[in-house]
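Chemist: Sharing a model prediction with you, sequence too.
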Amino acid sequence: MLPPLARKRILPRSAAFLLLVLLGACGGGGGGGSAIRVVGNLGMGALTVRSSQPTPGHEVELGVSLHATETVADVPVSFFLMHKGDADQKVGDPRQVPVGSTVFAEVAEGTGTQVAVVTLPATVAPVGEWYLIAHLDPEDVLRETNENDNLTPMSGRVVVELDGTNTNLADVVLEEAVIEQSAVVLYPEGASRQAVGGIPDAQDHDFGATLRITSTGRNVVQNLDLTVKVTIPTYGVFQARIWDPQAGAYVNELATTITPGIPNTVHLDVFIAGSARRHIDTRLRAGQPNVYVVTFTANGSGRTAEWELGCRRHAQRNDNMIDANVVIVLPPTPPQRTVAFDTGFRKEWVNPSFTAGIGLQASLTLDQAGVTGRARAQVPVKLLGTESRLLDVRSYGRVLPRDGQPTQSQFNFDVDVLGQTVYSRSSTNPTYTHTEDWSITRTVEARGKVFVGPVPIDLVAGVTGTLGFRVNLTMDPARLDLSAGPYLDTRAYAQASVSAVVVTVGVRGTMTILKDTFTARSAAALTLPTPTTLRGALTFQVSNELVGPEGRIWLFADRKVPKWCWNVVPCGVSTVTDERTLVRFQTFRKSDVFEHRVQTSTVDL
């Protein structure tokens with residue numbers, strides 16, 4: 001039998017796997033939370049390479065044959081390379097290179113084949129032939145009747161020839177595309193959203209989207225082109241435009257940089273232009289369906305040389321393309337002689353274990369009820385299957401002057417936390433000024449314990465949201481000026497750990513999901529040309545700054561060591577923490593002016 005891979009017992013791999021799944025990091029395998037009770041035996045069979053040409057630095061798909069005397073859940077398997085020459089010559093300490101590990105969610109009774117995807121190390125030396133070997137239960141967390149059949153048998157070992165020729169090539173995968181708006185309003189081209197106040201803005205953009213892109217290989221991918229296309233039934237496929245903040249203009253292709261081995265997030269501002277916009281407008285006015293397919297593509301030009309002979313994790317589609325559905329609607333028709341400005345923004349970070357986001361809304365109207373300004377912010381959270389509205393803040397101001405009568409005015413400011421009102425202020429004083437900067441921090445946390453074999457693993461996960469709301473209000477019978485908006489900092493954290501008498505080891509992770517500052521200014525100068533006529537000169541401006549996500553995952557070990565008083569007398573113990581970073585998440589920063597409108601209108605009272 002081949003000698004086993006030397007192991008450093010830093011952390012049971014199952015614990016690291018569970019935390020990586022919890023934080024949404026890339027990893028292999030799945031796994032339930034049920035305790036494993038093995039009364040029979042698991043054995044390793046032959047290993048097969050399903051990828052056409054295994055290459056260092058790239059993913060490879062493996063078929064792992066296992067036999068079991070009964071069905072077993074959460075079965076860990078690791079993989080390593082052993083130098084063929086050393087093994088054939090029976091060298092006492094053959095050269096070995098760890099490849100990766102996975103956890104099979106379930107191995108059924110009998111003999112069957114599981115599928116694993118691992119990444120071969122980019123720096124395998126020397127080049128040449130290596131045995132690829134699988135190791136069942138590498139950390140000995142399963143109790144079996146036979147522990148001597150957990151390595152790939154001699155008859156089932158696989159020889160891979162690694163030369164590194166294509167290691168410098170990339171394999172780009174477009175993992176996910178999320179359109180941020182629930183519905184896109186098709187305003188007339190060029191009619192709204194100008195860059196103002198020196199704030200960079202994606203002028204006229206229709207919707208935002210966030211792409212998650214990964215890559216394998218050794219090198220950073222420079223100038224990867226991204227494109228967006230819209231399919232319009234009966235008319236065909238049309239190129240959409242993407243805002244390039246560096247050029248300050250819309251482009252057909254946006255160039256970006258992708259780092260291998262980590263998830264990369266790229267934000268796009270998309271504008272549907274020209275004939276495509278006219279065709280959609282025609283279909284909507286004719287009552288045709290309003291759901292359209294948007295296709296996102298990475299490296300559509302083929303200018304980035306790719307290695308496509310490794311693993312295809314998205315066999316059902318081209319891994320450089322993703323289709324997403326978007327609902328497009330016509331703008332609402334306002335009532336006659338009424339001004340109504342309204343804009344909103346929504347951003348979510350979604351994970352099977354938790355979801356956190358922010359929803360923002362601002363509006364300014366002039367009608368028979370006077371001039372009204374509103375701003376609202378909501379922070380929804382879903383943690384381990386439990387949904388809650390962490391924070392909900394609302395601000396409202398209204399002024400209606402009357403000829404020869406007292407001015408009707410109203411101001412409200414309310415804050416709800418987890419469905420309970422924790423702060424409220426209101427006034428009906430026709431001459432009222434109010435300034436406030438209010439903030440609150442709340443945490444939603446869940447804890448649990450799972451067993452991998454006899455090993456208990458403690459899980460902790462939570463989302464902390466800090467929401468502030470700035471309000472500046474001035475109102476009198478002749479004007480309303482309401483500047484209001486929230487600022488948000490939402491962070492997620494998680495930990496999986498195994499405790500012993502003197503040491504606790506595990507994995508921790510933190511991630512800043514969203515940082516957002518949203519400002520809406522609603523202003524109006526009011527006059528009464530006649531006793532029954534109200535004239536308003538309205539200004540409405542909404543701006544936003546968005547940052548996220550960013551964070552890291554790291555291994556830790558908390559060791560208890562003796563504490564000495566006066567350097568000679570033992571007086572208890574202290575804890576020393578050792579850490580090692582596993583992965584860091586990249587971030588993006590984006591500033592926008594969503595709306596800037598100035599209009600004068602007259603309303604009959």
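Modeler: Yes, it's here.
Chemist: list the buried ones in stretch 361-374?
Modeler: By neighbour count with 16 or more other C-beta atoms under 10 Å, stretch 361-374 contains the buried residues Gln361, Ala362, Ser363, Leu364, Thr365, Leu366, Asp367, Gly370, Val371, Thr372, Gly373, Arg374. (Each C-beta comes from the backbone N, C-alpha and C, glycine too.)
Chemist: Quick check: the two most widely separated of those residues?
Modeler: The distance between the two most remote of those (C-beta to C-beta) is 19.9 Å, for Gln361 and Gly370.
Chemist: What residues does Pro289 make contact with?
Modeler: Listed by C-beta atoms under 8 Å, 6 or more residues apart in numbering, the contact set of Pro289 reads Pro233, Arg283.
Chemist: which residue ranges form the helices in the protein?
Modeler: Using DSSP state H, the helices of the chain run over 13-23, 84-88, 274-285.
Chemist: what's the span of stretch 137-148 from first residue to last?
Modeler: Using C-alpha to C-alpha, to the nearest Å, the end-to-end distance of stretch 137-148 comes to 11 Å.
Chemist: so what's Ala298 up against?
Modeler: Residues in contact with Ala298 (C-beta under 8 Å, 6+ apart) are Val172, Leu174, Leu211, Ile213, Leu224, Asp225, Leu226, Asn320, Met321.
Chemist: Quick check: the third one vs Arg376, distance?
Modeler: Distance of Leu211 to Arg376, computed by C-beta to C-beta, to the nearest Å: 29 Å.
Chemist: just the second one next, same as before
Modeler: Taking C-beta to C-beta as the criterion, Leu174 is separated from Arg376 by 34 Å.
Chemist: Same check on the first one?
Modeler: Here Val172 is placed at a distance of 40 Å from Arg376 (C-beta to C-beta).
Chemist: Also Val118?
Modeler: Using C-beta to C-beta, we find Val118 at a distance of 47 Å from Arg376.
Chemist: do the same with Thr282
Modeler: 34 Å.
Chemist: try Ala116
Modeler: Counting by C-beta to C-beta, the separation of Ala116 from Arg376 is 48 Å.
Chemist: ok, now Pro126?
Modeler: For Pro126, the distance to Arg376 (C-beta to C-beta) stands at 64 Å.
Chemist: ok, those two, which is more surrounded?
Modeler: Between Pro126 and Arg376, counted using other C-beta atoms under 10 Å, Arg376 has the larger neighbour count: 22 against 9.
Chemist: who touches the more buried one in this structure?
Modeler: Leu360, Gln361, Ala362, Asp392, Val393, Arg394, Ser395.
Chemist: ok, 7 Å please
Modeler: Gln361, Val393, Arg394 (C-beta atoms under 7 Å, 6 or more residues apart in numbering).
Chemist: Then Glu180?
Modeler: With contact set as C-beta under 7 Å, 6+ apart, Glu180 has these partners: Phe207, Gly208, Ala209, Thr210, Arg346, Lys347.
Chemist: Including pLDDT and neighbour count, could those residues go into TSV?
Modeler: Formatted as TSV, the contacts of Glu180 follow (pLDDT from 0 to 100; neighbours: other C-beta atoms under 10 Å):
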residue	pLDDT	neighbour count
Phe207	87	21
Gly208	86	21
Ala209	89	22
Thr210	89	19
Arg346	71	15
Lys347	68	22
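Chemist: Give the rounded mean pLDDT of stretch 391-400.
Modeler: For stretch 391-400, the mean per-residue pLDDT is 76.
Chemist: what's the answer for stretch 410-420, then?
Modeler: Confidence over stretch 410-420 (mean pLDDT, whole number) is 76.
Chemist: same question, stretch 248-258
Modeler: pLDDT averaged over stretch 248-258 gives 91.
Chemist: What residues of it count as buried?
Modeler: Quick answer for stretch 248-258 (16+ other C-beta under 10 Å): Tyr250, Glu253, Leu254, Thr256, Ile258.
Chemist: Same question for stretch 234-242.
Modeler: Using 16+ other C-beta under 10 Å as the test for burial, stretch 234-242 gives Phe238, Ala240, Arg241, Ile242.
Chemist: check contacts around the third one.
Modeler: Under the criterion of C-beta under 7 Å, 6+ apart, the contact partners of Arg241 comprise Tyr250, Val251, Asn252, Phe271, Ala273.
Chemist: try 10 Å this time
Modeler: 202, 204-206, 228, 249-252, 254, 269-274, 276 (C-beta atoms under 10 Å, 6 or more residues apart in numbering).
Chemist: Write a PyMOL command that selects only the buried members of the residues you listed.
Modeler: In PyMOL, this line selects whichever of the contacts of Arg241 come out buried by 16+ other C-beta under 10 Å:
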select buried, resi 202+204+205+206+228+250+254+269+270+271+272+273+276
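Chemist: quick one: Gly43 from Gly63, how far?
Modeler: Remark: distance between Gly43 and Gly63 (C-beta to C-beta) = 16 Å.
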